[in-house]
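Trainee: My questions are about this predicted structure, shown below with the sequence.
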Amino acid sequence: HKKNNNPGGGPRTYPLIGCFVDFYKNRNRLLDWYTELLASSPTQTVVVHRLGARRTVLTADPACVEHILRSNFANYPKGKPFTEILGDLLGRGIFNADGQLWHAQRKLASREFTTRSMREGLITELESETSVRLLPRLRDASVTGRHVDVQDLLRRFAFDVICQVSLGMDPRCLEGDPSNALSPESELARAFEVASAISARRGAAPVAMIWKLKRALGIGTERKLREAVSLIHSQIMELIRARKAEMEKGVVERSNDDFLTRLIYSGQNDELARDMVISFLMAGRDTTSAALTWFFWLIARHPDAEREIVDELERLGGRLDYHSIKEMRVLEACLCESMRLFPPVAWDSKHAAAADVLPDGTRVEAGDRVTYFPYGMGRMEKIWGEGCGGFDHRRWLEADGSGGSVAARASPYKFPVFQAGPRACLGKEMAMVQMKYVAAAMLWDYELRMAEEQTPVLVPLLTAHMAGGLPMVVKRRNRSGDASSQIKK
Ligand code: HEM
């Protein structure tokens with residue numbers, strides 16, 4: 001049932017029925033199955049036709065990825081099939097917009113990400129969230145011996161931070177006992193959880209008609225989605241109203257660190273401001289926590305790499321200021337290596353506006369879904385060499401000497417975990433700073449080991465979720481010549 005219908009050495013095509021059977025057989029290991037298909041394709045691209053589903057071109061070829069994301073960017077918008085799926089939650093926000101609407105928001109948001117106040121606001125927020133909430137949790141666990149679900153901890157942490165940075169509001173997800181009821185603010189976190197999980201399931205549904213029908217009838221998961229979205233909308237609108245009132249009273253400064261306040265000052269209409277911050281929350285919420293969850297799992301299995309990270313932190317005097325964070329090269333290499341193997345966004349799709357031919361000869365038809373696949377690319381021997389399925393952070397350090405960023409060392413088209421080209425992730429620098437800060441703070445004081453030997457399963461929801469969480473045992477670290485275990489700021 002598999003035929004190479006491109007005698008010039010182009011990609012294999014997987015036609016209707018055979019593929020459907022294979023798809024069903026591999027439904028619980030789709031990422032690895034697609035990786036195998038791509039590795040055996042002559043050009044690391046495959047075309048998948050599945051009964052009832054849109055024709056999909058899936059590629060792990062850096063030249064094709066560059067073509068889609070940069071050279072012929074205009075032909076590969078997200079497209080209606082994508083924006084429809086997330087539209088109820090994200091509205092017209094940057095994450096879900098194409099064309100002029102996207103371009104205008106991109107310009108506005110890019111300015112925000114380069115401001116010093118954003119950077120300073122982030123570091124201040126990381127300092128307090130880490131010292132007041134995160135580290136005390138680990139200290140308790142090290143004393144009581146209770147296991148900690150590191151994935152849950154990191155997700156709560158990330159939600160608190162992104163809400164502070166984007167909304168100037170603290171949902172207190174990581175506060176108090178984890179078994180306690182959520183604060184009213186973190187009802188927002190729960191609503192986001194529900195809305196993004198149901199939206200992700202819409203994307204994975206074999207036939208779009210079914211969720212559309214359920215939406216029209218207002219039943220089942222679609223009703224839950226509508227309720228969650230309505231809670232998110234009303235909480236953020238309420239926040240906008242309150243912020244405006246504070247502004248009128250002169251209680252809030254124009255230079256406030258959060259994105260929402262600056263959007264209001266710039267004269268955005270309320271609905272667009274709401275949609276923009278929702279996109280930021282979506283983009284910044286589960287991505288860093290997904291990356292760090294897989295990082296901690298890998299590091300627990302590679303004590304040599306962990307030792308090198310801690311040695312580097314000791315050389316930097318345990319400092320966590322912006323400058324020291326930039327200097328953490330071994331840590332950055334370990335983070336890049338774990339994102340190579342477990343990218344937070346495992347795959348990402350565009351929809352072709354017009355017919356096209358990719359650099360490897362694959363023909364694209366108008367309306368095709370065209371997907372680049374960071375998960376498969378990280379495991380392609382043609383890209384990373386033999387044995388690339390294993391963790392080896394040194395591959396990122398070998399070319400060192402330039403003093404530049406470790407992450408910048410691989411072409412973004414070969415390592416598109418933050419996407420690449422005009423629509424590349426706006427939060428990349430912020431994410432790297434945050435992940436380095438959190439990993440350094442945790443590893444400086446604590447050793448984290450698996451509570452039980454497990455081979456975790458990656459569930460590619462909107463981000464790479466670890467099924468069942470990551471239960472870990474926490475032990476206080478004995479550092480060489482350790483006088484003080486406090487983080488210096
Ligand atoms: C490890 C962490 C992160 C990873 C791997 C990551 C990855 C990505 C990817 C793959 C995209 C493209 C998605 C698409 O177009 O479908 C994206 C877009 C975006 N990311 Fe990130 N991201 C991370 C963290 C963040 C953070 C912390 C923020 C801050 C709010 C952020 C803000 C954005 C924004 C605003 C976009 C939309 C850009 C546009 O459409 O022009 N990201 N990110």
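Mentor: Done, it's in.

Trainee: Pick out the residue in the stretch 101-250 of the chain sitting closest to the ligand.
Mentor: As assessed by CB to the nearest ligand atom, the ligand sits closest to Arg106 within the stretch 101-250 of the chain, at 4.8 Å. Backbone N, C-alpha and C define where each C-beta goes, glycine included.

Trainee: Confirm for me that that residue is in contact with Gly93.
Mentor: No - Arg106 is beyond contact range of Gly93, at 11.4 Å (criterion: CB atoms under 8 Å).

Trainee: Would you mind listing the residues in contact with the closest residue to Val417 other than its chain neighbours?
Mentor: Nearest residue to Val417 in three dimensions, chain neighbours excluded: Pro343, at 4.3 Å (CB to CB, 6 or more residues apart in numbering). Counting by CB atoms under 8 Å, 6 or more residues apart in numbering, Pro343 touches 374-375, 378, 417, 464.

Trainee: between the residues you listed, which is nearest the ligand?
Mentor: Val417 (4.9 Å).

Trainee: Find the closest residue to the ligand in the chain.
Mentor: Going by CB to the nearest ligand atom, the ligand is nearest to Gly427 of the chain, at 2.1 Å.

Trainee: How about the contacts made by that residue?
Mentor: Residues near Gly427 by CB under 8 Å, 6+ apart: 113, 280, 283-284, 287.

Trainee: Now neighbour count, pLDDT and distance to the ligand too, for these, in CSV please.
Mentor: Formatted as CSV, the contacts of Gly427 follow (neighbours: other CB atoms under 10 Å; pLDDT from 0 to 100; distance: CB to the nearest ligand atom, whole Å):
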residue, neighbour count, pLDDT, distance to the ligand
Phe113, 15, 77, 8
Phe280, 25, 94, 4
Ala283, 23, 91, 3
Gly284, 23, 89, 3
Thr287, 26, 94, 3
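
Trainee: Tell me which two of these sit farthest apart.
Mentor: Across the contacts of Gly427, no pair lies farther apart than Phe113 and Thr287, at 14.6 Å, counting by CB to CB.

Trainee: if we can go back for a sec, tell me which element the residue of the stretch 101-250 of the chain closest to the ligand falls in.
Mentor: helix 99-114 (DSSP states H and E).

Trainee: Quick check: buried residues in that helix?
Mentor: 102, 105, 108-109, 112 (16 or more other CB atoms under 10 Å).

Trainee: Any chance of those residues in TSV with pLDDT and distance to Arg70 as columns?
Mentor: TSV is the format used below for these (pLDDT from 0 to 100; distance: CB to CB, whole Å):
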residue	pLDDT	distance to Arg70
Trp102	96	15
Gln105	93	20
Leu108	89	22
Ala109	89	19
Glu112	77	23
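
Trainee: hmm, back to that, in helices, which of the contacts of Gly427 appear?
Mentor: Counting by DSSP state H, the part of the contacts of Gly427 found in helices is 113, 280, 283-284, 287.

Trainee: out of those residues, who's nearest Glu84?
Mentor: Closest approach to Glu84 among the ones in helices among the contacts of Gly427 (CB to CB): Ala283, at 18.9 Å.

Trainee: OK, contacts around the residue of the stretch 101-250 of the chain closest to the ligand?
Mentor: 94, 422-423, 426.

Trainee: any idea how far Gly87 is from Leu217?
Mentor: Leu217 sits 18 Å away from Gly87, taking CB to CB, to the nearest Å as the criterion.
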